[in-house]
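Novice: Generate a structure from the sequence data that follows.
(chains A and B)
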Amino acid sequence: MWHWLASTSNGADQAAPLLISGLRLRFHYKGIPVEEKDLVGKLDTAASMTAIPIRIAIAMKLPSAGMEKNLQSFDLSIKLPAYPKFYTELFIPKWGWRIMPVVGCHRDNVLLGRDICNKMLLVANWRCRGFGLKHASFLNYNLRFLFSRVGREVQP
Amino acid sequence: MPTLTEECVQEFYGTFRRDAAAFEEQLPRMLEEFPGEYVAILDGEIIDHRTKWEELFKATRERYPDRFVFLEHVVPKSKVSVDMDTLEG
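Specialist: Numbers count the residues shown, from 1 in each chain, chains lettered A, B, ... in the order given. Next comes the predicted model:
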């Protein structure tokens, strides 16, 4: 998952949600894989859980993972008393497949919450104006080296 | 993938709400009888409970392959925060 910041002609940066295309949902029904391809996801770091369109969850006959009660926004408003939760296999380009519980709700695209960001690091390449999420384990050695140097430099 | 009508979605929500309400209603009793297990609810009735979700899912899908069976963990529930402005659209 790597993205580039496009330069604008007037030099002004344009803010927009981070959309991730090529997502796929999959589950096996009666031994046959049922898959929904080419979904678009919006990365939302304010959301603690990933949410998918309820229509897809029902059509794929995804198994129940219970419910999430009292899903609250930052202003404590509640829309439904409980949302259905499902287990699904979610494919994120360059990250591969993972099995995870997701909330089903009325929406057209996938909302990628903080649950997919676990063990990930937001990294930036300032030279080429790119940024993305990388597995923290890939950068473990480099980060330890970096922070050990930073620690030495800030000591009085 | 077949396109679902709004009626199908509302029908699902009706089933879900009934089963979720049955779970809520019987949660105190289930917490005493089989705490920490997973329970299957269909048409508002408890039809099975197992210690592992995978076992419960396989058993219920085998018995009711075309029905939505509500599966839930028998534990006290806590609140979860999600950005609701973006949750629905």
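Novice: Just want the most central residue of chain A.
Specialist: For chain A, the residue nearest the mean C-alpha position is A:Leu112 (3.3 Å; CA atoms, centre = their mean).
Novice: Return the distance of that one relative to B:Arg67.
Specialist: The gap separating A:Leu112 from B:Arg67 is 30 Å, by CB to CB, to the nearest Å. In this view, the C-beta of every residue, glycine as well, is placed from N, C-alpha and C.
Novice: List the strands paired with the helix or strand hosting A:Val40, with their directions.
Specialist: Following DSSP states H and E, one finds A:Val40 within strand A:32-43. Using DSSP bridges, the strands paired with strand A:32-43 are strand A:18-29 (antiparallel), strand A:110-112 (parallel).
Novice: Would you tell me what the next helix or strand after it is?
Specialist: Where DSSP H and E defines the elements, the next helix or strand beyond strand A:32-43 is strand A:51-53.
Novice: so, in contact with chain B or not, that next one?
Specialist: Yes: using CB under 8 Å from any CB of the partner chain, we find that strand A:51-53 touches chain B at A:Ala51.
Novice: name the helices or strands packed onto that strand?
Specialist: When contacts are defined as 3 or more CB pairs under 8 Å, 6 or more residues apart in numbering or on different chains; DSSP states H and E, strand A:51-53 packs onto strand A:82-92, strand A:96-105, strand A:110-112.
Novice: Return the residues in contact with the nearest residue to A:Trp2 once chain neighbours are set aside.
Specialist: For A:Trp2, ignoring the flanking residues on the chain, the nearest one in space by CB to CB, 6 or more residues apart in numbering or on different chains is A:Gly132 at 3.7 Å. A:Gly132 sits next to A:Met1, A:Trp2, A:His3, A:Leu122, A:Val123 when contact means CB atoms under 8 Å, 6 or more residues apart in numbering or on different chains.
Novice: any low-confidence regions in chain A?
Specialist: Chain A contains residues with pLDDT under 70 at A:5-15, A:70, A:72-79, A:147, A:149-156.
Novice: Could you break it into its assigned domains?
Specialist: What the record gives for chain A is the domain set A:2-118, A:120-156, from automatic domain parsing.
Novice: Let's have those domains in CSV, adding distance to B:Lys52.
Specialist: CSV is the format used below for the domains of chain A (distance: least, CB to CB, whole Å):
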stretch, distance to B:Lys52
domain A:2-118, 13
domain A:120-156, 28
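Novice: looking at those domains, which is buried most?
Specialist: Per-stretch averages of neighbours, counted by mean count of other CB atoms under 10 Å in any protein chain shown, single out domain A:2-118 among these, with a mean of 16.
Novice: and that one, how far apart are its ends?
Specialist: 17 Å (CA to CA, to the nearest Å).
Novice: ok now the helix or strand containing B:Ile41, how far from the chain's centre?
Specialist: Secondary structure here is read from DSSP H and E; on that basis B:Ile41 sits in strand B:38-42. Remark: strand B:38-42 is offset 6 Å from the chain centroid, using CA atoms, centre = their mean, to the nearest Å.
Novice: Likewise for stretch A:106-121?
Specialist: The chain centroid and the centroid of stretch A:106-121 are separated by 3 Å under CA atoms, centre = their mean.
Novice: can you pull the contacts of B:Leu56?
Specialist: B:Tyr38, B:Val39, B:Ala40, B:Asp48, B:His49, B:Arg50, B:Leu71.
Novice: Next, give phi and psi for it.
Specialist: Backbone geometry at B:Leu56, expressed as degrees, to the nearest 10, gives phi -70, psi -40.
Novice: Just give the nearest non-adjacent residue to it, would you?
Specialist: Distances taken as CB to CB, 6+ apart place B:Arg50 nearest to B:Leu56, at 4.1 Å, with adjacent residues excluded.
Novice: For chain B, just list every one of the helices.
Specialist: Per DSSP state H, chain B carries helices over the ranges B:6-33, B:53-63, B:84-87.
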